[in-house]
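Undergrad: Predicted model follows, preceded by the sequence.
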Amino acid sequence: MSGNLFEALGDLSFQQQLCFAFALGIAFLFEFINGFHDTANAVTTVIYTGTLSPTPAVIYSGLCNFLGVMLGGTAVAFAIVNLLPVDLLIQSSSLRSIVMVISLLLSGVIWNLATWWYGLPVSSSHTLIGSILGVGLMNSLLTRGNMSGVNWSKAVEVALSLLISPVFGFLAAAGLLLLMKRIFTNPNLYHPPGEGDQPPGWIRAVLLATCGGVSLAHGSNDGQKGMGLILLVLIGFLPTYYALNVHETGLASEVTKAAKSVEVVLRGDAPDAAAAVAPEMDAISKALAGKTSLRDVPPSERWTVRESIFRFRQKLSRANLNE
């Protein structure tokens, strides 16, 4: 964009800035709750066995979680964002997007706190994904009367991973336990430790390694969910900031050229489809005339251009034509 993120935030009204700060605070709160809700699992073994006392264990796990976030990439974060279809974000009004984002954040926080209070072992990942699906589904039912408010293909991918991972963990843990009982036959290794007892040095090393590994994996996975939440907040409050890719030079001319080429083909092969996309083609050509980069599009017009491009692609898809 022509300005930075802080300049875009400055364009919001005072009420919108308050709502933005509230939503961002709720996103951070969700991650904070996720920390003591989920990551306690990582330090349970080293504390229970006396390998580490609680304070060093938590510090060690926290450092590994932080490294996981820094090194884990952004794939999970964008998977969270992509649970909501693009058209839902594009076609929703700014106020509706804000309400949706705050609703899913609050529902996730409330459920996490409730299950923590009652000691129920519930995954924060399931909580967050359920909140996103619920908000998207209810919005589409209220505004369109259908269930198109969820990116079902992405939802199925995420659901399969959530279903398969516990089964895989159960089978892998059971298999490893049986294997270890065959290899390490000392019965003391398979009983709860007594007061002041510690496992052998090599087992403590394994426990430290697994604690660090679980924490690292948790940071690279669940830490990204917080990134996805923050991105949803930013998209909900600043849709025009994320409407177009302004960092790639020459993209405006490429979009115009591609759209015109498609229109020429349609005129010869599918006149009805050509007539359907003509209004969007005119809007795109007018907005991008004489521009090489999408950065040249005024910020106030970027969302309109994004909507025109989306509708152009949508109409082509409905016509069952290859783009």
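TA: Sure, I can see it.
Undergrad: residue ranges with poor pLDDT in the stretch 201-323 of the chain?
TA: 239-243, 318-323 (pLDDT under 70).
Undergrad: go on, the stretch 1-150 of the chain?
TA: 1-8, 11, 82-95, 97.
Undergrad: now with 50?
TA: 1-3 (pLDDT under 50).
Undergrad: quick one: the helices in it?
TA: For the stretch 1-150 of the chain, applying DSSP state H, counting those that start in this stretch gives helices covering 5-10, 14-38, 40-48, 54-71, 75-81, 86-91, 94-117, 124-143.
Undergrad: Go through these and name the closest to Leu231.
TA: Leu231 lies closest, by Cβ to Cβ, to one member of those: helix 75-81, at 5.4 Å. Using the backbone N, CA and C atoms, a C-beta is placed for each residue, glycine as well.
Undergrad: Buried ones in that closest one, by neighbour count?
TA: Using 16 or more other Cβ atoms under 10 Å as the test for burial, helix 75-81 gives Val76, Ala77, Ala79, Ile80, Val81.
Undergrad: Go through the residues you listed and say which is closest to Gly175.
TA: Distance to Gly175, by Cβ to Cβ, is smallest for Val76 among the buried residues of helix 75-81, at 26.9 Å.
Undergrad: Tell me which of the helices of the stretch 1-150 of the chain lies nearest to Ser253.
TA: Closest among those, using Cβ to Cβ: helix 86-91, at 22.9 Å.
Undergrad: Identify the residues contacting the residue most central in space within the chain.
TA: Among the residues of the chain, the one closest to the centroid is Ile80, at 2.4 Å (Cα atoms, centre = their mean). Ile80 makes contacts with Leu128, Ile129, Ile132, Gln224, Lys225, Gly228, Leu229, Leu231, Leu232, as judged by Cβ atoms under 8 Å, 6 or more residues apart in numbering.
Undergrad: what's the spacing between it and Asn186?
TA: For Ile80, the distance to Asn186 equals 45 Å [Cβ to Cβ, to the nearest Å].
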